[in-house]
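Enquirer: Model the following, please.
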Amino acid sequence: MERNILGKSAITLITIAVILAYALFVEWAWGWASILQGWQAVGLGAVLGAVALLVSTYFVRAHRIHDYFPNETRGRFFWLFRVTQVHNLLNTMLPFRLGETSFPLLMRSEFGVPVARGAAALLVMRLLDMQALLAAAGIGLVSHTGYTWWAWVLWLTFLIAPVLLFPLRNVVMRSADNVLPARLSHI
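Expert: Numbering: from 1, shown residues only. Next up is the predicted model:
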């Protein structure tokens, strides 16, 4: 029974330890007094606005994960919101992006999603993130060409590529099943 309680609270304990280590590091490196003075100089409205925008990104992330795992996360949106916060915290605080490994583990422990499926979902979400960043960067490339029509067409094609390719996902999965060994088919 003790092991089960420890296992369920392991993520919470790790999160608390990471937060405390980060707080100590900030105090050692810069000092909380200087950071709070900087925030005070910016103003309460700007700080609260930034925090509100940051929290809204967590809601968007939680909604995206809920869309990816609708059956597993149904009726537990705020628990999923907590998972996105923990994942982001660990991703930010742990070196070499080791926090990314927490997502499949969190989804397994909190929602019963197999680790391989959670890792595959993370890969898909990161590919879509990369596509969004490249699409944003494409605006700069379009402006560099002098806003020519062909640059706009290329950029718009790239922008909507995921929507255009989404219907082909089943064909790609069937092809992968034919090529991959049978033991990998469940992944």
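Enquirer: Next up, the contacts around Val86.
Expert: Taking Cβ atoms under 8 Å, 6 or more residues apart in numbering, we find Val86 in contact with 11, 15, 102, 106. (C-beta placed from N, C-alpha, C; glycine too.)
Enquirer: Could you check how far the last one is from Met125?
Expert: It stands for Leu106. Using Cβ to Cβ, to the nearest Å, one obtains 14 Å as the distance from Leu106 to Met125.
Enquirer: More neighbours: which of these two?
Expert: Applying other Cβ atoms under 10 Å to Leu106 and Met125 shows that Leu106 carries more neighbours, namely 20 against 15.
Enquirer: which residue packs closest to the more buried one, ignoring adjacent ones?
Expert: Nearest residue to Leu106 in three dimensions, chain neighbours excluded: Val83, at 4.9 Å (Cβ to Cβ, 6 or more residues apart in numbering).
Enquirer: Touching, the one you found and Met107? I think so.
Expert: Yes: Val83 lies in contact with Met107 (Cβ atoms under 8 Å); the separation is 7.2 Å.
Enquirer: Would you check which pair of the contacts of Val86 lies furthest apart?
Expert: The largest separation in these, counting by Cβ to Cβ, is between Thr15 and Leu106 at 10.3 Å.
Enquirer: Check the offset of the helix ranked longest in the chain from the chain's centre.
Expert: Across the chain, the helix with the greatest residue count (assigned by DSSP state H) is helix 115-144. For helix 115-144, the gap between its own C-alpha mean and the chain's C-alpha mean amounts to 11 Å (Cα atoms, centre = their mean, to the nearest Å).
Enquirer: outside of the following helix or strand past that helix, which residues touch it?
Expert: Secondary structure here is assigned by DSSP states H and E; on that basis, the next helix or strand after helix 115-144 toward the C-terminus is helix 149-165. With contacts defined as Cβ under 8 Å, 6+ apart, helix 149-165 is touched by 128, 131, 134-135, 138-139, 141-142, 145.
Enquirer: Repeat the analysis, applying 10 Å as the threshold.
Expert: When contacts are defined by Cβ atoms under 10 Å, 6 or more residues apart in numbering, helix 149-165 is touched by residues 124, 127-128, 131-132, 134-139, 141-145, 148, 172.
Enquirer: Any regions of the protein where pLDDT drops low?
Expert: Of all residues in the chain, those with pLDDT under 70 make up the ranges 1-8, 183-187.
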